[in-house]
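K.L.:
Task: produce atomic coordinates for the following.
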Amino acid sequence: MLEIAENGRTWVLSGPTSSYAVHLTEQDELLHLHWGPAIALADAEELAARPLPGASSFESRLDGREEYPVEGGPRFARPALSVRTPERRGTEWTFERYDTEGDELRLRFRDGGLAITLHYRTRGDVVERWTTLGNDGAAPLELLRADSATWTLPEREGWRLSQLHGRWAAESRLVRSDLTYGEKVIGSRRGHTGHQHLPWVALDTDATEERGEVYGCALGWSGSWRLAVAQLPDARVQITGGAGYDDSGLLLLAPGESFTTPVFAGLWSDTGHGGASRTWHTYQRTYVIPDADQDRPVLYNSWEATQFDISEDQQEVLARRAAAVGVELFVVDDGWFGARTSDRAGLGDWTPNPDRFPAGLKPLADRVHALGMRFGIWVEPEMVNADSDLYRAHPDWVQYQEGRKRTEFRNQLVLNLAREDVQEYLWEQLDGLLSSAPIDYVKWDFNRCFTDAGWPGEAYPQRLWVDHVRALYGLLDRLREAHPGVAFESCSGGGGRIDLGIMSRTDQVWTSDNTDPLDRLAIQYGFSQIHPARVMAAWVTDSPNTQLNGRVSSLRFRFVSAMAGVLGVGGDLSEWTEEELAEARRWVDLYKEIRPLVQHGDLYRLRPPTGGLSAVQYVRGDETVVLALLQAQHYGEPLPALRLRGLDPTVSYECLETGEVHRGAVLLHHGLPTGLRGDLDAMVLRLRRI
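P.N.:
Residues are numbered from 1 along each chain as shown. Now for the predicted structure:
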């Protein structure tokens, strides 16, 4: 809901429980008024009437209060906008007007030929903000920095910062720390979202999992990015974020051109970190993720079973075994195309290898469909091997610096997707591929970072950082429109490209290359702080875990760990015993029963994966399911009780595993269902209202 004051200078955006308010002074200073519990327009006008503190020679009256700080004038805080023209640098803007379209508010400003529009929109209790910058002048202007938004928090003592950090095979791990004076900057200068940080932060003072105020912000951008959390000298806190890592140059806007920043979304919750997470999850399932109301199928991926040594007959054998355990989507991973017998060749040549698939992919896809499964493939379109037909024909199509060595990671180079000829080549290749066979799913990988990000001959080569991502989005949008039945998964060597931007164009994401079920608990716990189980791909692979750490774990523990998201199987089914296959079928059948709760329900984190017992709960309608995983048990100590959340305290629930009936806020004591004991044990509990 949007409310506007009669004088047209105060605006209040409200969701079910929260409000966001801004005010424009008579001097055209756009000030932040409120972000928090729901308020009325009259409350916002009362806040707007309060005078700002006076300025001094050393401090700014605007710092910490301005809604979108620009560079120049009486400001010392980090600017969200930094612009350079041939004559000057900085911005001295004036207000032009506001307008609305549906539930979107647009505040329009101008500085000479630079048109600045600040966009606002509520999605439930999530506020979406972004900025459009247009060059209406006669000369080019350079955007050195163009952040999506700056968020201002209320004055509080003792702010605590939550963030998700990591590396390859150890992504999305949650850390909370006290916020101190100065700036905390996280981001990626790698050309993609990165394994090191997810573009999300949360701040609180004393929140628990289920109680207390939490402020959260998440950026929807799949390239290099930066979030800066600043505690200013007067203790105010601002969060500024957007595309690009530094201020060396983002884009050069020619006359008539414009740039729209990615969405920077924010929320306030008074129901703790768990409540904030559930709000994020609902927002993404409702407004971000394509076809989020549809169940994601149980998949099998052949990579760990075969790696590059694949053939059509061998894939069919695996497909038959996968179908027998209840798999619904069979995916052929790397190695089906070009001269791809190792990671040294073939990337860029997106046609089936004639020795491995003599008649293309269609015969295998048809047989997979005949087994009752969908068919999927792996691709890595943004990369190329030096040993490929594409690179031999177009060595200038990669990112490189003139006169410098072309760095190779994983024996591959990055295609310059900002080039229109590269975009058109990939469209023709991928559209032709998806038209050549009944392909239902594409795992889209991105296995190396930008290093030699140059573009010889281009007048403004820095633009490739932004235009690569915009071209990626455009290509995915075009493919989805042309092939609406095809689902896409975002992968980047695991969790290297997970953000709201890529999620608006893909159906699920590959959370991590680490499939060890114990390691996955912390990864999945962190992932759930912002993103829903509906997109979190998780596999059951072989034991010992030969891909990473050699850990031995039971099939039971592996399945329950992976059932917390979109279940997949990635082990070598040709080596599984009949007993293992039969057990796997029982787990897959159980997952299909609880899938609506896991993928579409409300998530409650009952116990963190910090050792001992961890548990997550999903609630949907009259049903709930608990996944409990015991990491280790020491000295015969009893396990802690689990108090379930999100249930009606006035009614009774029956536990389907035990037949026992529980009243209200259910308290599950240790040993109640099956008796978890020892190390790496797990259980699934289902309860239904009676």
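K.L.:
where does Tyr425 fall, phi/psi-wise?
P.N.:
Tyr425 has phi and psi values of phi -60, psi -50 when expressed as degrees, to the nearest 10.
K.L.:
pLDDT value on Leu672, please?
P.N.:
Note for Leu672: predicted pLDDT of 44.
K.L.:
let's have the chain start at 809 instead
P.N.:
Sounds good: first residue 809 from here, last item Leu1480.
K.L.:
which other helices and strands contact the lengthiest helix in the chain?
P.N.:
Secondary structure assigned by DSSP state H gives helix 1386-1408 as the longest helix of the chain. When contacts are defined as 3 or more CB pairs under 8 Å, 6 or more residues apart in numbering; DSSP states H and E, helix 1386-1408 sits against helix 1120-1132, helix 1363-1370, strand 1374-1377, strand 1421-1428, strand 1431-1438, strand 1489-1497. C-beta: built from backbone N, CA, C; applies to glycine.
K.L.:
Would you reformat those as CSV and include mean neighbour count and distance to Glu1465?
P.N.:
Shown next, in CSV, are the helices and strands packed on helix 1386-1408 (neighbours: other CB atoms under 10 Å; distance: least, CB to CB, whole Å):
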stretch, mean neighbour count, distance to Glu1465
helix 1120-1132, 18, 26
helix 1363-1370, 23, 13
strand 1374-1377, 26, 19
strand 1421-1428, 22, 14
strand 1431-1438, 23, 10
strand 1489-1497, 20, 6
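K.L.:
Asp911 is nearest to which of these?
P.N.:
Proximity to Asp911 (CB to CB) singles out strand 1421-1428 among the helices and strands packed on helix 1386-1408, at 27.3 Å.
K.L.:
Please name whichever of the helices and strands packed on helix 1386-1408 is nearest to Thr1087.
P.N.:
Per CB to CB, nearest to Thr1087 of the helices and strands packed on helix 1386-1408: strand 1421-1428, 14.7 Å.
K.L.:
State the phi and psi torsions of Pro1269.
P.N.:
phi -60, psi -20.
K.L.:
before we move on, the earlier item: can you check which of the helices and strands packed on helix 1386-1408 gets nearest to Val1071?
P.N.:
strand 1374-1377 (24.1 Å).
K.L.:
could you dump the closest one to CSV, C-alpha only?
P.N.:
This file holds the C-alpha atoms of strand 1374-1377, laid out as CSV (Å, rounded to 0.1, in the frame of the first residue of the first chain):
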residue,chain,number,x,y,z
VAL,A,1374,15.2,-30.3,-3.8
LEU,A,1375,16.3,-34.0,-3.6
GLY,A,1376,18.7,-35.4,-6.1
VAL,A,1377,20.8,-38.6,-6.4
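K.L.:
closest one to Pro1292 among the helices and strands packed on helix 1386-1408?
P.N.:
Nearest to Pro1292, of those and by CB to CB, is strand 1374-1377 at 20.1 Å.
K.L.:
ok, and what's touching that closest one?
P.N.:
1104, 1106-1109, 1130, 1133, 1135, 1316, 1341-1349, 1367, 1370, 1392, 1396, 1399, 1403, 1407 (CB atoms under 8 Å, 6 or more residues apart in numbering).
K.L.:
in its sheet, what does that strand sit against?
P.N.:
In the sheet, strand 1374-1377 lines up against strand 1107-1109 (parallel), strand 1344-1348 (parallel) (DSSP bridges).
K.L.:
need those strands in JSON lines with mean pLDDT, mean neighbour count and distance to Asn1322, can you?
P.N.:
Below are the strands paired with strand 1374-1377 laid out as JSON lines (pLDDT from 0 to 100; neighbours: other CB atoms under 10 Å; distance: least, CB to CB, whole Å):
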{"stretch": "strand 1107-1109", "mean pLDDT": "98", "mean neighbour count": "26", "distance to Asn1322": "15"}
{"stretch": "strand 1344-1348", "mean pLDDT": "98", "mean neighbour count": "26", "distance to Asn1322": "10"}
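K.L.:
Need those strands in JSON lines (columns: distance to Val1230).
P.N.:
Shown next, in JSON lines, are the strands paired with strand 1374-1377 (distance: least, CB to CB, whole Å):
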{"stretch": "strand 1107-1109", "distance to Val1230": "28"}
{"stretch": "strand 1344-1348", "distance to Val1230": "28"}
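K.L.:
Spell out, range by range, the helices that occur in this protein.
P.N.:
849-856, 1080-1091, 1111-1114, 1120-1132, 1170-1178, 1197-1201, 1228-1244, 1272-1290, 1308-1311, 1327-1335, 1363-1370, 1386-1408.
K.L.:
Relative to Leu982, which of the ones you listed is closest?
P.N.:
Here helix 1327-1335 is closest among the helices of the chain (CB to CB), at 4.2 Å.
K.L.:
What helices and strands are in contact with that closest one?
P.N.:
Helix 1327-1335 packs on strand 981-986, strand 1344-1348, helix 1363-1370, going by 3+ CB pairs under 8 Å, 6+ apart.
K.L.:
Output those in a markdown table, with distance to Thr1259 appended to each entry.
P.N.:
Formatted as a markdown table, the helices and strands packed on helix 1327-1335 follow (distance: least, CB to CB, whole Å):
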| stretch | distance to Thr1259 |
| --- | --- |
| strand 981-986 | 25 |
| strand 1344-1348 | 28 |
| helix 1363-1370 | 34 |
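K.L.:
Contact partners for Val1424?
P.N.:
Residues near Val1424 by CB under 8 Å, 6+ apart: Ser1336, Ala1372, Leu1411, Tyr1412, Arg1413, Leu1414, Val1434, Leu1435.
K.L.:
one more time with 7 Å, if that's ok
P.N.:
Counting by CB atoms under 7 Å, 6 or more residues apart in numbering, Val1424 makes contact with Ala1372, Leu1411, Arg1413, Leu1414, Leu1435.
K.L.:
got a markdown table for those, with distance to Leu1035 and pLDDT too?
P.N.:
Listed next are the contacts of Val1424 as a markdown table, based on distance: CB to CB, whole Å; pLDDT from 0 to 100:
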| residue | distance to Leu1035 | pLDDT |
| --- | --- | --- |
| Ala1372 | 27 | 98 |
| Leu1411 | 24 | 98 |
| Arg1413 | 23 | 98 |
| Leu1414 | 29 | 96 |
| Leu1435 | 31 | 96 |
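K.L.:
Out of the residues you listed, list just those in strands.
P.N.:
Leu1411, Arg1413, Leu1414, Leu1435 (DSSP state E).
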